[in-house]
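Novice: A structural model of the following input is requested.
(2 chains)
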Amino acid sequence: MHSLSTIYFLTVRSLREAVRNPAQEVGNIFVPLFFFAVTVGSIGSIAADAFGIDNFTGFQVPVAILSAASSISASAGLGTITDIQRGYFDKLLLTPAPRSAIVLGRITADGVRSIIITGVIVIVGLIFRTGFDTGVLGVVLLLAGSFFFGMAYSGFNAAVALRTGSPQAAAAGGLLLFPLIFLSTAFAPKEVFADWLQLLATINPITYILEAQRSLIIEGWNWLDLLRGAAAIFGFGIASFTLTFLALRWRTS
Amino acid sequence: MSAIWAEGLTKHFDEVRAVDGIDLDIAAGTIFGFLGQNGSGKTTTIRMLTTLLRPTAGRARVDGFDILDDARAVRNRIGVALQEAGLDDIQTGRELLTLQARLFGLRGGARRRRIEELLAIVDLEDAADRAVGTYSGGMKRRLDLAAALVHRPGVIFLDEPTTGLDPVSREGIWRYVNRLSVEDGITIFLTTQYLEEADRLAHDLAIIDEGRIIARGSPAEMKASIGTDVVTVEVEAPEALDHAAEVATAVPAVERVQIADGAAVVYVPDGARAVARIVIALDDAGIEVGNVSISRPSLDDVFLEATGHHLRVEEPAPVDGGAA
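Specialist: Coordinates of the predicted model:
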């Protein structure tokens, strides 16, 4: 119970920090939406003929969501480093609160911020007539997926922040997702890729997360895609949390 | 009962022996001063005793709990204000104290009352709802002290609490520290590089140099251990300093002579009587004497005797210590 209350209090603190620094949140939402608009505007009209995708706008919404989650998590890594540099992280470690819960507070806040930003992107998508084939329940599932993906990805940045204490390294850690996005089915279906890229996209967990999100938006209920997406997020989470707790152990030993 | 006890406490960072087997036995309710210059091992010792850092070797107990086996129990019983006031600039003072109190398990009305009480103690009631980032350096130190006290700890660790503060803010912090000791009976472990601070506050004192404790006792006992007056003689030609020390050593009643920071430091039972004899002897030896001063033994003399060098204070960039 003490772990849960610690996570709650520190999540609230991180969210308060986000509210009081709105410029950063505007940046986190603006950049993904900008690329979303540019991508849809530039190749949306030929996507049906080139890739066989009728609803390319809906096809691109998950890319914007993952990019936004990446931006959020990078800023969270920097927040952890600011705490370390100011000595506030030590102040938290000096309380009897479980140390893992101290780290999970900020990570959970990133999950919550991912939900909010996903909601904004979905609304923008609806304005652009993406539709949402699985209805309200699908939206709820998409938000839940964003929450867990936001947490999982934030874990990587927390690990980098804890291990290095370097703002530059934390900023670079936030870029980890971009090559993974480009090596996935972010902009076109796998079938049109060269063989080597097809192979990379197949082993890339981001592919399955994107496909699960797309199925909710433009395909309807596809349980196999959803299951694969959930497994990919789970795997991401296991890997990132393992690194986070190892980095925390290193920092406190 | 010992509030803080340690045996062979050691911390190595690769080849560097930051703390090299120190023993501590600090009585409950006292102010313990840990005096040393930057890099001597003070902060590393505090970080081990407060469970922030695992010792390489040795054992320690704080308020009866082992720092390794019962680390959470130790954290429940200690308050800590580290050298850099560890605060969050974005929260308000009240929010910061509230979060701190919640993490220590204080709930509801008891938590709110305690926070109001602390804000009054550190004179931050008017600024409580402002972001910490707008506070002056002195206000941040006071808030940090309040955060360390929020759960009524039995032992407080203060790591150079006045470094970089102006004299008025420094005096204010000393007043709070004394009050905690006298009125609340809290054991205070205070590291400092200021001799005056150690002299004014500490009931019991240890001097640490290069990771080892080299002197221990109350400030009065330490100064009494020197037992003599101190005559400091500067000579015009620095190359004559060794010769000057030899000449001074031969003067009757001189107990010993040390060379430090370009001067000969002469220990004699009666400085006023000896100073003329010392100057005459140097003059007879053809050594041109510069400034000469006589003083009662200070903690700096204790430090000099123990380490062979004066305590070098490294001041960080001054922080704004304004009271408002």
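Novice: For residue B:191, what is the enclosing helix or strand?
Specialist: strand B:187-192 (DSSP states H and E).
Novice: for that strand, what is the average pLDDT?
Specialist: For strand B:187-192, the per-residue pLDDT values average out at 93.
Novice: helices and strands around it, which ones?
Specialist: strand B:2-13, strand B:16-27, strand B:31-35, helix B:42-49, strand B:155-159, helix B:167-184, helix B:195-201 (3 or more CB pairs under 8 Å, 6 or more residues apart in numbering or on different chains; DSSP states H and E). (Glycine included, C-beta is placed from N, CA and C.)
Novice: Isn't residue A:64 up against residue A:38?
Specialist: No: using CB atoms under 8 Å as the test, residue A:64 is too far from residue A:38 to be in contact (10.9 Å).
Novice: For those two, work out which one has more neighbours and name it.
Specialist: Using other CB atoms under 10 Å in any protein chain shown as the criterion, residue A:64 and residue A:38 rank with residue A:64 on top: 26 against 10.
Novice: How about the secondary structure of the more buried one?
Specialist: helix (DSSP: H, G, I helix; E, B strand; the rest coil).
Novice: give me every residue that touches residue B:8.
Specialist: Residue B:8 makes contact with B:21, B:22, B:23, B:57, B:58, B:59, according to CB atoms under 8 Å, 6 or more residues apart in numbering or on different chains.
Novice: Residue B:154 touches residue B:188, doesn't it?
Specialist: No: if you go by CB under 8 Å, residue B:154 and residue B:188 don't touch, sitting 10.5 Å apart.
Novice: Looking at the two, which has the bigger crowd around it?
Specialist: Between residue B:154 and residue B:188, counted using other CB under 10 Å, the more crowded position is residue B:188 (25 against 18).
Novice: and the closest residue to residue B:32 other than its chain neighbours, bridged to which residues?
Specialist: Computed as CB to CB, 6 or more residues apart in numbering or on different chains, the closest residue to residue B:32 that is not its neighbour in sequence is residue B:26, at 4.6 Å. Listed beta-bridge partners, residue B:26: residue B:4 (assigned using DSSP bridges).
Novice: Need the pLDDT of residue B:26.
Specialist: Residue B:26 is given a pLDDT of 95.
Novice: and the residue of the stretch 101-250 of chain B found nearest chain A, backbone torsions?
Specialist: Nearest residue of the stretch 101-250 of chain B to chain A: residue B:103, at 4.0 Å (CB to the nearest CB). When read as degrees, to the nearest 10, the backbone of residue B:103 gives phi -70, psi -20.
Novice: Need the three-state assignment for the residue nearest to it when sequence neighbours are not counted.
Specialist: Nearest residue to residue B:103, sequence neighbours excluded (CB to CB, 6+ apart): residue A:95, at 4.0 Å. With three-state DSSP as the basis, residue A:95 sits in coil.
Novice: Which helix or strand contains residue A:211?
Specialist: helix A:205-214.
Novice: Which elements pack onto that helix?
Specialist: Where contact means 3+ CB pairs under 8 Å, 6+ apart, helix A:205-214 is packed against helix A:56-86, helix A:135-164, helix A:177-182, helix A:223-251.
Novice: what's the closest of the ones you listed to residue B:140?
Specialist: helix A:56-86 (10.2 Å; CB to CB).
Novice: can you give me the mean pLDDT across the closest one?
Specialist: 87.
Novice: Off-centre distance for it?
Specialist: Here the centre of helix A:56-86 is set off from its chain's centre by 6 Å, with CA atoms, centre = their mean, to the nearest Å.
Novice: Over to stretch A:138-146?
Specialist: For stretch A:138-146 - counting by CA atoms, centre = their mean - the centre lies 12 Å from the chain centre.
Novice: Same question for it: list its buried residues.
Specialist: A:138, A:139, A:141, A:142, A:143, A:145, A:146 (16 or more other CB atoms under 10 Å in any protein chain shown).
Novice: any chance of the residues you listed in a markdown table, plus distance to residue B:132 and pLDDT?
Specialist: A markdown table is the format used below for the buried residues of stretch A:138-146 (distance: CB to CB, whole Å; pLDDT from 0 to 100):
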| residue | distance to residue B:132 | pLDDT |
| --- | --- | --- |
| A:138 | 43 | 94 |
| A:139 | 39 | 94 |
| A:141 | 40 | 96 |
| A:142 | 38 | 95 |
| A:143 | 33 | 96 |
| A:145 | 36 | 95 |
| A:146 | 32 | 94 |
